[in-house]
Structures are given as C-alpha cells and as structure tokens.
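Participant: got a structure for you, letters missing:
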C-alpha cells in the first residue's frame, strides 16, 4: 500500500481528484451554512462540524479512529446543544485538527479561533456564522470581552474547543508551552475541561502542503480535569499540559 501511495501516477491522480472536490464542496457547504445561519445556529453548526468534516476527510481517504468518547461530560439530551457545557482543549499540528475534533466529539461545537481565520472567504465567513468565537486582538479589554462571551456560551450549554498552544506546533516536542486563556476561562466558569490528544495529523497534512495524504488519524478523549479549590492559574495550566502530554506520549493507543 505504501508503494502505491508513493507512486507519482497515484499522487497525480489523487491531487486531480481531491483538490477540486475539496475546494468545490467547501464553497458549496459554506454558502449553505451562511443561508442556514439565518434560520438556525444549530443547523449552521451541524453543517460546519459534521458535513464539512466529512468533506475534508472522506475524499482524501483519511480514516478517523476515536477512543474515550465516554469521557465527554453530559448526555445527548442535556442542554440546548446536547450537553451541559464544557471546554475541550487539544494539541494542534495540522489543518485537519478542526474537522477531526468536530467529528470525534460528535456534538455541535464552537471553536475559539484567531480573528484572521474569520476573514477567509467562504470558509471563515461560515465559521463565524456558525458561532465561532473570535479571539480578537486588542489587549486586556479584548481578552476580558472574550472571556465574558465564552462564559455566556458555556452557561447556555455550548461546547468550546480551544488550542491552548495558540498556533500549530511545528517542532519535535509533543506540545508548545500553553497560553493561559483556556484556563482563565475554566477557572472563571468552573466548567469541566476535557483534554483531547490527536496523533498522526501532522503526517497526514504537514504544514506548507496544499492537500493531505491518505492515512489514519487517531484521537483520544481524556478524562475531564477536576478544578481544585484554590488552585492558582499557573498550577492548573501546568497540570493540563502535563495531562495532554502524557496522552500524546502513551504508545498504547
């Protein structure tokens, strides 16, 4: 199988197949999402989470293997979005991380993302309409506004997904140092925080490449971290990073 994937004829045919399918269906899906958002945020989220997730992975012959989904808090009938509201944090190495987490969680999710992502034509517009939470630039006041908005969403039962490294990890280390925004939000809301480890995504879609490779991405949902009374921010951030690093270096899955 590896010899077939490395064959230049196979690679040429693969690109001819994947790129137009991915670009074309992404534009169509984004337009449908924008229209759906006028009537239902939940429907728009479903489109960007589940439909677009399959658009990215399926034509590329990318298989997703998820374990530990039973660790996700709540039940399917809890809250307006199928849960009592919690925070997911994950490692970030690839463009596939957004669709794979969306599919792995299996419920409508919102992403906390850089403001620049919302400016991407079609895709970015659709993500904003689907209730993506934009991490605006502007210092302490913008950060305070983002925490307030995120808190309201969690109270409404939403699932927020955050990449606490802040950018894609292109190093050989399991994780970049975590930024503290995720854990400021966790302490402010007292919401459960769930680690999700993603393996092999970088090999599937490396940084700088315009299309992914066929293969398998593995995702493991860890047990929610319990917030300890009186625990300071630095301790919580370090504990969360350690928990995710242990999952990434565990070779048993």
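Facilitator: Everything's here; your move. Because the structure is a prediction, the values reported are computed rather than measured.
Participant: which SS state does residue 206 fall under?
Facilitator: With DSSP: H, G, I helix; E, B strand; the rest coil as the basis, the three-state label of residue 206 is coil.
Participant: which residues does it contact?
Facilitator: Contacts were defined as Cβ atoms under 8 Å, 6 or more residues apart in numbering; by that measure residue 206 touches residue 94. In short, each C-beta sits where N, CA and C put it, glycine included.
Participant: Same check on residue 86?
Facilitator: Going by Cβ under 8 Å, 6+ apart, the list of residues near residue 86 reads 72, 73, 74, 154, 159, 160, 191, 192, 193, 194, 224.
Participant: Which of these ranks first by neighbour count?
Facilitator: For these, neighbours were counted by other Cβ atoms under 10 Å; the highest total belongs to residue 159, with 29 neighbours.
Participant: okay, now residue 181: neighbour count?
Facilitator: Applying other Cβ under 10 Å, we find 18 other residues in the vicinity of residue 181.
Participant: With residue 205 instead?
Facilitator: As a burial measure, the neighbour count of residue 205 was computed by other Cβ under 10 Å and equals 22.
Participant: still on that earlier bit, which of the contacts of residue 86 fall in helices?
Facilitator: residue 154 (DSSP state H).
Participant: helix or strand for residue 28, which one?
Facilitator: Here residue 28 sits within helix 8-36, counting by DSSP states H and E.
Participant: and that helix, how far from the chain's centre?
Facilitator: Here helix 8-36 is found 20 Å from its chain centre; the criterion is Cα atoms, centre = their mean, to the nearest Å.
Participant: do the same with stretch 218-225
Facilitator: That offset, for stretch 218-225, works out to 13 Å (Cα atoms, centre = their mean).
Participant: Tell me which residues of that stretch come out buried.
Facilitator: Neighbour-count burial for stretch 218-225, with 16 or more other Cβ atoms under 10 Å as criterion, is recorded at 218, 219, 220, 221, 222, 224, 225.
Participant: How about the first one, nearest residue that isn't a chain neighbour?
Facilitator: In this case it means residue 218. In this structure, residue 218 finds its nearest non-sequential neighbour in residue 199, 4.3 Å apart by Cβ to Cβ, 6 or more residues apart in numbering.
Participant: Find the residue ranges of the stretch 51-200 of the chain scoring beneath the pLDDT cut-off.
Facilitator: 75-83, 114-119, 122-125, 129-143 (pLDDT under 70).
Participant: And the strands in it?
Facilitator: For the stretch 51-200 of the chain, the strands defined by DSSP state E, counting those that start in this stretch occupy 62-67, 86-90, 110-114, 133-135, 159-162, 193-199.
Participant: Take those and lay them out in JSON lines including distance to residue 210.
Facilitator: Below are the strands of the stretch 51-200 of the chain laid out as JSON lines (distance: least, Cβ to Cβ, whole Å):
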{"stretch": "strand 62-67", "distance to residue 210": "15"}
{"stretch": "strand 86-90", "distance to residue 210": "23"}
{"stretch": "strand 110-114", "distance to residue 210": "20"}
{"stretch": "strand 133-135", "distance to residue 210": "25"}
{"stretch": "strand 159-162", "distance to residue 210": "25"}
{"stretch": "strand 193-199", "distance to residue 210": "21"}
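Participant: tally of neighbours for residue 182?
Facilitator: The criterion is other Cβ under 10 Å. On that basis, residue 182 has 24 neighbouring residues.
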